[in-house]
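Colleague: task: produce atomic coordinates for the following.
(chains A, B and C)
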Amino acid sequence: MDSIIERINQGKFWHFHGGIHPPEQKAITSAKPIKQLALPKQLILPLQQHIGRQGDLLVKVGDKVLKGQALTQSANPMAVPVHAPTSGTITAIKKSVIAHPSGLSELCLFIDVDGEDTWKKREICQDFSKLNNQEIIKKIAEAGIAGMGGAGFPTHIKVNTKPGIDFLIINAAECEPYITADDLLMREQSEAIVDGIKILDQLLTPTFILIGIEDNKPQAIKALQQATKHNAKIKVCVLPTKYPTGGEKQLIKILTGKEVNSGTLPINSGIVVQNVATCFAISDAVINDIPLIRRVVTLTGNALSKPQNFWVLLGTQVSYLLYQAGFVSEVSEKKSTPNSAQPPVIMGGPLMGFSILNEQVPIIKTSNCILAPSKVEMPSAFDHNSNEVECIRCGQCADVCPSQLLPQELQWSAKAKDHQQLAQLNLFDCIDCGACAYVCPSQIPLVQYYRVAKAEIRQQQQLDIKAEKAKARFEARKFRLEQEKIARQVKHEKAAAARKATMNKKSADGGTASSAVAAALARVKAKKAAKNKNTEFPVIGSEKQNDNDQAEISPVKAAIARAKAKRLARETNAESSVTTKKEVIQKQSVTNDSTQNNIIDDKKARIAIAIAKAKAKKVQANKSSTEKSEFSTEIKQEKTGEKVQNTTTAAEEKKARIAAAVAKAKLKRIDKAQQASTTNSKEST
Amino acid sequence: MTDYALLLIGTVLVNNFVLVQFLGLCPFMGVSSRTETAIGMSFATTFVMTLASLLSYLVTTYILVPLDLEYLTTMSFILVIAVVVQFTEMVVHKTSNSLYRLLGIFLPLITTNCAVLGVALLNLRLQHNFFESIIYGFGAAVGFSLVLIMFSAMREKLANADVPTPFKGAAIAMITAGLMSLAFMGFAGLVKI
Amino acid sequence: MNILIAILVLGAIAALFGALLGYASIRFHVDGDPIVEQLDALLPQTQCGQCGYPGCKPYAEAVANGEAINKCAPGGEDTIKKIADLLGVDVQPVDENHEQDDSSQSNRPKVAFIIEEDCIGCTKCIQACPVDAILGAAKQMHTIIIDECTGCDLCVAPCPVDCIEMRPTPETIQNWQWDLNKIAVKQID
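Modeller: So this is what the prediction gives:
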């Protein structure tokens, strides 16, 4: 540790592997101060401008908002609120194209600026040293501060760590060509930046604070040294200019000699890195109660007539900025063809930026530069044909990679979609800096291949997780269905056993339910036997067959037959009420007799029936409709309704036949209707 | 001692069984598409070759020659080799099921590997003694393994490379093998046995 | 006489070796085959049945027993390649018998969607879903849990009022993928 400090004091810094020295092109904008812009007419604020989740809306369409008013909030720590950059009215909350290489749209707030620029009520904090850590973090969180160096990680999470930080490193490197936003900010607002650093010092209590700045910014270095004159803890470290010194891991390596292991974060090594612009925003938030509503953006490139840095309100559209910077479109008259499309406008720097296709894209917390190159300056940006040729295996890419990877091998495996090999080659340690693509003599767009490969691997991981979940759900469902089946079986068995038990239980009249059922069955058998004997009682065979065939639909028939029987009984009753009563009583005695035995004796039943017949014959001697009565008793005995026997007299037969036909027709109609509905549904699916 | 060392180097490099004597080409082309299978195969073949050359020497010296049964050489050698391969198969199946699956049919095909029978017969022809036979067998296997693994690494790279369509697959593999063979012939004259 | 000796000698050697092998086969006996688990881990677990087997595990078992490896439609080329690597067989193209997905503009994965105005609450789709991704009860509104839906299509057919359709999932920043075809890159074949 001491050796590290010694070296730092002596200015003998370490080196990181690789790196390139592209032309700086910072002179285009570095001479002019940051310009304040007039208020634009409309602001488009994406609800999510950071890594994490978007917050919940606090406002709705039509609301008037004040400058600095919070527009979203959330209890979720990964949510960072957005604030109104100026006063105005919310005119819409809808999807709009955002600053992302995909060109997709996300939910944005549309604010019509009223021009008054009225502030919300603010409370200036006179002395932040009196605040405790929780209060500071709360202020940072509520001010909506995310990392402004480009990544956009919520700052309040990054600085909310347990004590034991060795190094707080302030990233003032700004290594990418063209960009001078941080440079100008340091020159003009060094005091505020140092205030921010002091707040962080109070929060994190690091052992050492280092500001890493490249040596191509002499004025900024002087300003910072001036501002930290009286603060011995903060050291301004001047580093040799090289791209990408500003990369987090590279900066840590240069300043402390420590390497952050693959897959771990700097916080695990006791190091926290923050960008200077973020420090400025922190000081504004904690001291002046100003939330993050503006940032410095560099408008640069030879296609602009007035390139310089601007203080830009978040949500300002790129078209407004380009206009302010004097953007001269070189192809304004030509129709856009595939080869000479719109003049390129790049959000970000030349190495890590992406093309914006729609100039309505708004500036967000992480936008630090808009680059509008001229054709002479950057011909490749205008040429939409690819000049890629085969890899000549020169190895220059491996020489310049700051993460010490093997871009040649990565490209090989990325093209072959060999995910295993890519993982072995540490694809995810690639910081997308673009140094390899910069030096490639075959002009292979290496970073694009890596991005595609990374996205594919991430998606495959997501699919694997989803497959695991689906498998678990499937297994659970299978298990549940089996359990239900088993439960149903057990229930059935239980019910069957219970039924058996009740059947075998002795009832009040000395018989059991099962014996009663058995008696009934025996009666049916006996009747069948009796019927077979008595051939004078023909039954309409077809009727019977139909009965047997349509056993399922017999309930209807049975009901009809029962009604018929009732009618018959009523008729015969008038004639032979006495006999029927006798028959009934006899029947009762018969049933009583039969129920006394568990197993019905056929003979006994036959005897009983014979007795009944004899009695009936007696009646027949008097009446002509003894068969009717006999049948009526039989019908009365027949309570199961399985068989229906019709009368033998022609009239009754005819009636019965008619009734049966009516019943059959009804049932057929029901059948047809069912079939029709099923075929209909089959056709429709 | 130097004799044995020279014999080993000679067998591994100068008279490499695959690239110079052109024996054992079947598994060389068949298993070399992936390095993992190649390594597994080379272990299996080393085991088989060494053991087979040892056992065939014993069978020749103590059974065939005393009983005047030299005409049974081929049959008994094949018997020995088949048994050793079966044994190896069982061991591989037990120790590494995935390797067993990866090697698939090529594991029992070691029986028909002409390099194995070749080693046994060449030991006979060159009238090696006991130790020489073992070293010769082991050297042959090491040479085979060396070339197999190198070739598999090259083939893995070739699989992802930009090969013209008529040459893709077996064609470019054969060409590469031929070039390797040319390279190995450069060892000629390295060792004079 | 010589021949007899020869036969005897060969027979003796063979018998000796046979005994050795017999002992070895018992000593090195292998039971079980974990290949089915490994195969199952490669399959996408949509349990859709398009391969002809009732679920991914049965298909894994079938493949372990020699079934063709190109039957999994949701798995696609990637899964076939992985299975081929694991088993050491050749990669085969996806089975043409599968109904090809209509090559619409988006290749986005599809999830089911119930048109709630038409739903009659019959629970037929709930019974069809292999991963229980449909929420509902008899005579109650049914709805698809999008996060759990694997897009297997099994619920569309049983619906008696035909109120389920498959919709592509929307592209958001989270699942957007860099596409080499959208930037000027020459693909070297």
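Colleague: in the longest helix along chain C, what's buried?
Modeller: Using DSSP state H to define each element, chain C has its longest helix at helix C:2-27. Neighbour-count burial for helix C:2-27 flags C:6, C:9, C:10, C:13, C:17, C:21, C:24 (criterion: 16 or more other C-beta atoms under 10 Å in any protein chain shown). All C-beta spots, glycine's among them, are computed from the backbone N, C-alpha and C.
Colleague: spatially nearest residue to residue A:216, not counting backbone neighbours?
Modeller: Closest residue to residue A:216 apart from its sequence neighbours, by C-beta to C-beta, 6 or more residues apart in numbering or on different chains: residue A:241 at 4.6 Å.
Colleague: number of nearby residues for that neighbour?
Modeller: For residue A:241, the neighbour count with other C-beta atoms under 10 Å in any protein chain shown is 16.
Colleague: that one against residue A:214, yeah?
Modeller: Yes: if you go by C-beta atoms under 8 Å, residue A:241 and residue A:214 touch, sitting 4.5 Å apart.
Colleague: what's the overlap in contacts for the two?
Modeller: residue A:175 (C-beta atoms under 8 Å, 6 or more residues apart in numbering or on different chains).
Colleague: one step back: from the buried residues of helix C:2-27, which is closest to residue A:361?
Modeller: Of all the buried residues of helix C:2-27, residue A:361 sits closest to residue C:24, with 72.6 Å by C-beta to C-beta.
Colleague: ok, that closest one - contacts?
Modeller: Here residue C:24 is in contact with B:86, B:87, B:90, B:91 (criterion: C-beta under 8 Å, 6+ apart).
Colleague: and for residue A:269?
Modeller: Residues near residue A:269 by C-beta under 8 Å, 6+ apart: A:166, A:252, A:258, A:260.
Colleague: at 10 Å instead, please
Modeller: A:165, A:166, A:167, A:252, A:256, A:258, A:259, A:260, A:261 (C-beta atoms under 10 Å, 6 or more residues apart in numbering or on different chains).
Colleague: can you say which of the residues you listed are buried?
Modeller: Buried members of the contacts of residue A:269, counted by 16+ other C-beta under 10 Å: A:165, A:167, A:252, A:256, A:258, A:260.
Colleague: need the helices for chain C, in chain order.
Modeller: So, for chain C - with DSSP H - the helices run C:2-27, C:35-42, C:56-64, C:76-87, C:124-128.
Colleague: what about the spatially most central residue of chain C, distance to chain A?
Modeller: Centrality entry for chain C: nearest residue to the mean C-alpha point is residue C:43, 3.9 Å, by C-alpha atoms, centre = their mean. To chain A, residue C:43 is 8 Å away according to C-beta to the nearest C-beta, to the nearest Å.
Colleague: could you dump the helices of chain C into a markdown table and include mean pLDDT and distance to residue B:55?
Modeller: Shown next, in a markdown table, are the helices of chain C (pLDDT from 0 to 100; distance: least, C-beta to C-beta, whole Å):
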| stretch | mean pLDDT | distance to residue B:55 |
| --- | --- | --- |
| helix C:2-27 | 88 | 9 |
| helix C:35-42 | 81 | 33 |
| helix C:56-64 | 84 | 36 |
| helix C:76-87 | 79 | 33 |
| helix C:124-128 | 88 | 63 |
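Colleague: now those helices in CSV, please, with extra columns for distance to residue A:435.
Modeller: Shown next, in CSV, are the helices of chain C (distance: least, C-beta to C-beta, whole Å):
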stretch, distance to residue A:435
helix C:2-27, 59
helix C:35-42, 37
helix C:56-64, 44
helix C:76-87, 32
helix C:124-128, 54
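Colleague: of all these, which one is nearest residue A:70?
Modeller: Comparing these by C-beta to C-beta, helix C:124-128 comes nearest, at 43.6 Å.
Colleague: helices or strands up against that closest one?
Modeller: Using 3 or more C-beta pairs under 10 Å, 6 or more residues apart in numbering or on different chains; DSSP states H and E as the contact test, the elements touching helix C:124-128 are strand C:134-135.
Colleague: circling back to that earlier point, so which of the contacts of residue A:269 are in strands?
Modeller: Mapping these onto strands (DSSP state E) picks out residue A:167.
Colleague: which of the contacts of residue A:269 sits closest to chain C?
Modeller: Taking C-beta to the nearest C-beta as the measure, chain C sits nearest to residue A:260 out of those, at 25.4 Å.
Colleague: how much space between that closest one and residue A:225?
Modeller: Distance, residue A:260 to residue A:225, by C-beta to C-beta, to the nearest Å: 28 Å.
Colleague: longest helix of chain B?
Modeller: From DSSP H, the single longest helix across chain B is helix B:130-160.
Colleague: does that one come close to chain C?
Modeller: No: Helix B:130-160 does not reach chain C (C-beta under 10 Å from any C-beta of the partner chain); its nearest approach is 11.4 Å.
Colleague: so which elements touch that helix?
Modeller: Contact analysis of helix B:130-160 by 3+ C-beta pairs under 10 Å, 6+ apart lists helix A:407-416, helix B:2-9, helix B:25-30, helix B:35-59, helix B:114-125, helix B:170-184 as its packing neighbours.
Colleague: local confidence estimate at whichever residue of the stretch 401-550 of chain A sits closest to chain B?
Modeller: Chain B sits closest to residue A:416 of the stretch 401-550 of chain A, with a gap of 3.6 Å, by C-beta to the nearest C-beta. Note on residue A:416: pLDDT of 84.
Colleague: and it, how far from residue C:92?
Modeller: 19 Å.
Colleague: what about residue A:401, neighbour count?
Modeller: 24.
Colleague: quick check: it touching residue A:432?
Modeller: No: applying C-beta atoms under 10 Å as the test, residue A:401 and residue A:432 come out as separate, 11.5 Å apart.
Colleague: and the helices and strands packed on helix B:130-160 as JSON lines, adding distance to residue A:17 and mean neighbour count?
Modeller: Formatted as JSON lines, the helices and strands packed on helix B:130-160 follow (distance: least, C-beta to C-beta, whole Å; neighbours: other C-beta atoms under 10 Å in any protein chain shown):
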{"stretch": "helix A:407-416", "distance to residue A:17": "13", "mean neighbour count": "22"}
{"stretch": "helix B:2-9", "distance to residue A:17": "40", "mean neighbour count": "14"}
{"stretch": "helix B:25-30", "distance to residue A:17": "40", "mean neighbour count": "19"}
{"stretch": "helix B:35-59", "distance to residue A:17": "28", "mean neighbour count": "22"}
{"stretch": "helix B:114-125", "distance to residue A:17": "46", "mean neighbour count": "22"}
{"stretch": "helix B:170-184", "distance to residue A:17": "34", "mean neighbour count": "14"}
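Colleague: any chance of these in a markdown table, with distance to chain C too?
Modeller: Formatted as a markdown table, those follow (distance: least, C-beta to the nearest C-beta, whole Å):
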| stretch | distance to chain C |
| --- | --- |
| helix A:407-416 | 8 |
| helix B:2-9 | 28 |
| helix B:25-30 | 11 |
| helix B:35-59 | 7 |
| helix B:114-125 | 14 |
| helix B:170-184 | 13 |
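Colleague: show me where the stretch 351-500 of chain A has its strands.
Modeller: A:354-356, A:369-371 (DSSP state E, counting those that start in this stretch).
Colleague: quick one: list the elements packing against the last one.
Modeller: Under the contact criterion of 3+ C-beta pairs under 10 Å, 6+ apart, the helices and strands touching strand A:369-371 comprise strand A:294-300, strand A:308-313, helix A:318-324, strand A:345-347.
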